[in-house]
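Trainee: Turn this into a structure:
(chains A and B)
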Amino acid sequence: MTSHYTLRIALRIAFVAALGAVYILGRGDQSTSHTWSETYGFRFREVSAEAGISFIHEAPDLDPSLDTIAPHVAAVGASVSISDTNADGWPDLYFTSSRFDAPNALYINQKDGSFSDDAVAAGIADVNRKGEGVSMGSVWGDFDNDGFEDLFVYTYGYPHLFRNRGDGTFQDVTKPAGLRRWMNSNTAVWFDYDRDGFLDLYVGGYFREDVDLWRLETTQIMHDSFEFASNGGKNRLYRNLGDGRFEDVTDVMQVGSTRWTLAAAAADFNGDGWADLYLGNDYGPEELFLNRGGERFDPAMGGLADDSKSGMSVSLGDTENRGRLDVFVTNISERGYLFQGNNLRLNLLEEMGQFLNVAQGAVADAGWAWGAQFGDMNNDGFADLYITNGFISQNRDRDYWYGMSKIAGATGVLFQDFQNWPPIGDASLSGYEQSRVLMNMGEGRMVDVAPAVGVTDSLDGRAVAFADLFNRGMLDAVVASQRGPALLYRNAVDPTLHWIAFHLTGTRSNRSAIGAHVVAEWGDRTQMKVIDGGMGFASQNDRRIHFGLGTFDEVERVSITWPSGHRQVIDRPAVDRLHTIEEPIP
Amino acid sequence: MTAPTMMAGASLWSRLGRLNPRYMVIFLITLILALGELRYAILGGYDRLGIALGTCVSVELLLTWLLRGRLANIASAIISGISLSLLIKPQSDLLWPFALGAFLTISSKYVLTFRGRHLWNPSNFAIGILVLLASHQVAILSHQWGNDLATNALIWSFGILITYRARALHVTLSYVASFLVLALVRNLFVGGPLLAEIAPITGPMYQLFIFFMVTDPRTTVSSRRGRIGVAALVALVEMGIRIAGDYQFSYLTPLYYSPPIMALFIVGPIVMVVDLRRTSAASGRGVGG
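Mentor: Numbers count the residues shown, from 1 in each chain, chains lettered A, B, ... in the order given. The predicted structure follows:
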């Protein structure tokens, strides 16, 4: 009897202990440092005003029938891409806006810490016009190999290809290039899939191509599943014919996904020398298309097919200094309602034929995350992560998550019709979230240091891009915010740490050298980077490749695999300087 | 259909009627698990299933052996384990919610009792606690089910068939009818599209709720009429939670994550206490977990 009684007491104690454990564990990691610490080795200062950057993104006004969910549908379009558009050795910035008659901006680097908006004079400001559509993002690439970076603006509407004349002005060559097709796009990447030395173009489709968001003929335009939707716009691959024209080779190359693609990145993931495509899809699983010798693409499982989430950004970086490109894809996390979690996928294609998701803690949960980029922000030799986030920031006291939950679990035929969505009104949806700056501590551990290093904005960040804007040997961050101001975070890094950077120019390869893989080896570390033709969400980093080296003042070797397939090795390049390298001609 | 085929069907139907209802429920929830995993990989890792199922079964066996001197039938623990692994969707790769949730599920049957009966549906209790105390880390199944009409229709068909044979269909139908009627009422209060108010019941969380939780006779009242009333009462409280959600009463936010589960969490023990006080003659065959 006594024993029975004791057992019952013990069970009750265990029960209460379990409740306590749920409470304690359920609070998660509440620790966030809010004080400046020299140990991080870097600090950002937001300097857009003093740099002369006054750009504010404007969201589109859509068909009035969409009014009940307009904040949701019109929640994208803020973008930033970085390129040295006038070939003067200083990176320039291009921002897009998304309302009719709102100008896009081209901020030319004045080399003194400031920028000047020359978009109007350059002829690339007036892109958002009634009947033509509005900008969603842009990517730079020298498609005609004339030494000047050209601009592709993807839109909800007709896209634009602007040829850089090299005199500070641009010519709209969309029509003669064969690219004037109505698409509702949120991503595009330049890459040379067939290694013919000319940049090809992959453009993502989001809403279907027959949807004109300003003149809707049907209310059934939304996704038919929150997890496995495939009723989005068709992605398209355009082959550069080398004479100013492009040919649609989507079906031949088998890359016409209709999975609501929000982001894409191209790189050689499996080490076979050919550029593959990685897609982040909203309402669905990520996709990897492996390039088979430039003849076709094969969809690869890679452990991606069953892991369905809401992919919004695809960033490539070597997170563990293995000489591989890993993939970071942002997703949605909201307490109580949904923990999709971001994916940090280690590239194990060569060993296991798949990626391995290792995201945990702050890496996995960054709120409603959007654009992200890898970059060694403190020059310590490890790739850090900058993540923008926040979806719709309106009334702080009204939250749409409950409204969203009514339809998110329903059968797809209901929410495919936007008339069945609860009205958003002035509610917020994962609004006012703080950007994350995840410092890579090595051994796979990342810590959010955003407030401590000066990143405190809570705007609806969409895109982020890195560049050494002022040629100081450190990465600055540029952020585009939806319905908000562009931000320029100027970096200040511990000057005792070393770095090395490379500016590549292709000869047999495309002149932009987009797709070149650079591997630096120093100390016990090996790190890979790729020159991107668009990466993250609605963004593109500067083409110059930057490695932080930590306290090492010597680099043993740098290997460059050019897009043409040619491999070049540079022994013991000098550190703390930018190397300009032209692809050798045999 | 030929006469022999019809006779064989009738015979199978008759044998199903004699089967312990819990085995049919195990069949149904395993069907949901298999369908969901094969088509949509809903588990998010077999370790989750292993931990939830393993903990439920082992705690059940251990407690019955220690407290009652015999090993219990583990059917109920299996249903609970699978329910938990399907319904809990925690952050990234966390596994503790499955272990602690499973322990709370089974132990609640032995700790939270009144006149020898446990008060909460075990899974409902554990999920309710996880939502209330650990929402930073734990969410409830919302849309991890493909939003696919065909899959839903299949599960509904089997669910109706099995709850009918388990003599619990009246509870399911009472809840569904109440939900639909009250959706109309909610729509009058909050406006917007009517289908937005009806939409939730077409989702996967509701399938688990109406076939496995609200029907559990061990944690509901003894009379048929009473059970129908309780199902309607759960739907009524859920309506209150949902209207509060629409009007954004922030202090009730933890209830909005999963209104039906939280409504049952509130109503279940109250009606059990009232019923047990009214009559100490507890009876009824168990179906749920």
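Trainee: Skip the chain neighbours and tell me the closest residue to whichever residue of the stretch 51-200 of chain B sits closest to chain A.
Mentor: Residue of the stretch 51-200 of chain B nearest chain A, by C-beta to the nearest C-beta: B:Ala134 (2.3 Å). Quick note: C-beta positions are derived from backbone N, CA and C, even for glycine. Excluding the flanking residues, the one nearest B:Ala134 by C-beta to C-beta, 6 or more residues apart in numbering or on different chains is A:Gly26, at 2.3 Å.
Trainee: you'd agree that neighbour is up against B:His136?
Mentor: Yes - counting by C-beta atoms under 8 Å, A:Gly26 does reach B:His136; the two are 5.7 Å apart.
Trainee: Backbone dihedrals for the residue nearest to B:Ala134, please?
Mentor: When read as degrees, to the nearest 10, the backbone of A:Gly26 gives phi -70, psi -10.
Trainee: so what's it scoring on pLDDT?
Mentor: Listed pLDDT for A:Gly26 reads 86.
Trainee: cool, B:Val131 as well?
Mentor: We have a pLDDT of 92 for B:Val131.
Trainee: so it sits in a helix?
Mentor: Yes - assessed with DSSP: H, G, I helix; E, B strand; the rest coil, B:Val131 lies in a helix.
Trainee: Count residues in the vicinity of it, would you?
Mentor: Residues lying near B:Val131 (other C-beta atoms under 10 Å in any protein chain shown) number 23.
Trainee: go on, A:Lys111?
Mentor: Here the number of neighbours of A:Lys111 (other C-beta under 10 Å) works out to 12.
Trainee: likewise B:Tyr251?
Mentor: Applying other C-beta under 10 Å, we find 7 residues neighbouring B:Tyr251.
Trainee: ok, now how distant is it from chain A?
Mentor: Look at B:Tyr251 and chain A: by C-beta to the nearest C-beta, to the nearest Å, they are 12 Å apart.
Trainee: As a check, name the ranges of all helices in chain B.
Mentor: B:3-18, B:21-40, B:46-68, B:75-87, B:96-111, B:122-133, B:149-165, B:169-190, B:194-198, B:204-208, B:224-246, B:253-256, B:259-278 (DSSP state H).
Trainee: and the third one, anywhere near chain A?
Mentor: Yes - on the criterion C-beta under 8 Å from any C-beta of the partner chain, helix B:46-68 is in touch with chain A at B:63, B:66-67.
Trainee: Run the chain-centre distance for that helix.
Mentor: Remark: helix B:46-68 is offset 18 Å from the chain centroid, using C-alpha atoms, centre = their mean, to the nearest Å.
Trainee: For that helix, list every residue counted as buried.
Mentor: B:48-49, B:51-53, B:55-61, B:63-64 (16 or more other C-beta atoms under 10 Å in any protein chain shown).
Trainee: try the second one
Mentor: For helix B:21-40, a neighbour-count test (16+ other C-beta under 10 Å) marks B:21-22, B:24-26, B:28-29, B:32-33, B:35-37, B:40 as buried.
Trainee: Double-check that A:Ile69 belongs to a strand.
Mentor: No - secondary structure of A:Ile69 (three-state DSSP): helix, not part of a strand.
Trainee: Return the residues in contact with it.
Mentor: Contact analysis of A:Ile69 by C-beta atoms under 8 Å, 6 or more residues apart in numbering or on different chains lists A:418, A:421, A:423-424.
Trainee: try it again with 10 Å
Mentor: Going by C-beta atoms under 10 Å, 6 or more residues apart in numbering or on different chains, A:Ile69 touches A:62, A:75, A:222, A:400, A:403, A:418-419, A:421-424.
Trainee: Name the residues contacting each of A:Gly26 and B:His136.
Mentor: A:335, B:91.
Trainee: between these two, which one's more packed in?
Mentor: Neighbour tally, A:Gly26 and B:His136, criterion other C-beta under 10 Å: the higher count belongs to A:Gly26, 24 against 16.
Trainee: pretty sure the more buried one is in contact with B:Pro90, am I right?
Mentor: Yes - here A:Gly26 reaches B:Pro90: they are 9.3 Å apart, a contact under C-beta atoms under 10 Å.
Trainee: Find the residues that touch each one of the two.
Mentor: Residues within reach of A:Gly26 and of B:Pro90 at once, by C-beta under 10 Å, 6+ apart, are B:96-97, B:130, B:134, B:137-138.
Trainee: What residues does the stretch 51-200 of chain A have near chain B?
Mentor: By the rule C-beta under 10 Å from any C-beta of the partner chain, the part of the stretch 51-200 of chain A lying against chain B is A:Thr68.
Trainee: any idea how far chain A is from the most centrally placed residue in chain B?
Mentor: Centroid-nearest residue in chain B: B:Met213, 2.4 Å away (criterion: C-alpha atoms, centre = their mean). Per C-beta to the nearest C-beta, B:Met213 is found 16 Å from chain A.
Trainee: rewinding a little: A:Leu199 is nearest to which of the helices of chain B?
Mentor: A:Leu199 lies closest to helix B:21-40 among those, at 38.0 Å (C-beta to C-beta).
Trainee: so does the closest one get close to chain A?
Mentor: Yes - contact of helix B:21-40 with chain A (C-beta under 10 Å from any C-beta) involves B:37-40.
Trainee: isn't B:Thr105 right next to B:Pro97, touching?
Mentor: No - using C-beta under 10 Å, B:Thr105 is not in contact with B:Pro97, being 11.4 Å away.
Trainee: Mind listing the shared neighbours of those two?
Mentor: Common contacts of B:Thr105 and B:Pro97, defined by C-beta under 10 Å, 6+ apart, comprise B:52, B:84, B:126-127.
Trainee: Now tabulate the residues you listed in TSV and tack on pLDDT.
Mentor: Formatted as TSV, those follow (pLDDT from 0 to 100):
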residue	pLDDT
B:Ala52	96
B:Leu84	92
B:Ala126	96
B:Ile127	94
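Trainee: out of those, what pair is the most spread apart?
Mentor: Taking C-beta to C-beta as the measure, those span a maximum distance of 11.4 Å, between B:Ala52 and B:Ile127.
Trainee: Identify the contacts common to the two.
Mentor: B:83-84, B:87-88, B:97, B:101, B:105.
Trainee: For those residues, which two are the farthest from each other?
Mentor: Spanning the widest gap among the shared contacts of B:Ala52 and B:Ile127 are B:Ser83 and B:Pro97, at 13.4 Å by C-beta to C-beta.
Trainee: between these two, who's got more neighbours?
Mentor: B:Ser83 (29 against 26).
Trainee: How about the more buried one, nearest residue that isn't a chain neighbour?
Mentor: Spatial nearest neighbour of B:Ser83, excluding adjacent residues (C-beta to C-beta, 6+ apart): B:Ser123 at 4.4 Å.
Trainee: re the thing from before, could the helices of chain B go into a markdown table alongside distance to A:Gly273?
Mentor: Shown next, in a markdown table, are these (distance: least, C-beta to C-beta, whole Å):
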| stretch | distance to A:Gly273 |
| --- | --- |
| helix B:3-18 | 60 |
| helix B:21-40 | 36 |
| helix B:46-68 | 37 |
| helix B:75-87 | 43 |
| helix B:96-111 | 44 |
| helix B:122-133 | 49 |
| helix B:149-165 | 42 |
| helix B:169-190 | 58 |
| helix B:194-198 | 52 |
| helix B:204-208 | 44 |
| helix B:224-246 | 55 |
| helix B:253-256 | 52 |
| helix B:259-278 | 53 |
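Trainee: low pLDDT regions in chain A?
Mentor: Applying pLDDT under 70 to chain A flags residues A:1-2, A:29-38, A:306.
Trainee: Distance of the residue in it that chain B sits nearest to relative to A:Leu213?
Mentor: Closest approach of chain A to chain B (C-beta to the nearest C-beta) occurs at A:Gly26, with a separation of 2.3 Å. Separation of A:Gly26 from A:Leu213 (C-beta to C-beta, to the nearest Å): 41 Å.
Trainee: Repeat that for A:Phe95.
Mentor: If you measure A:Phe95 against A:Leu213 using C-beta to C-beta, the figure is 21 Å.
Trainee: Tell me which of the two has more neighbours.
Mentor: More crowded of A:Phe95 and A:Leu213, by other C-beta under 10 Å: A:Phe95, with 27 against 20.
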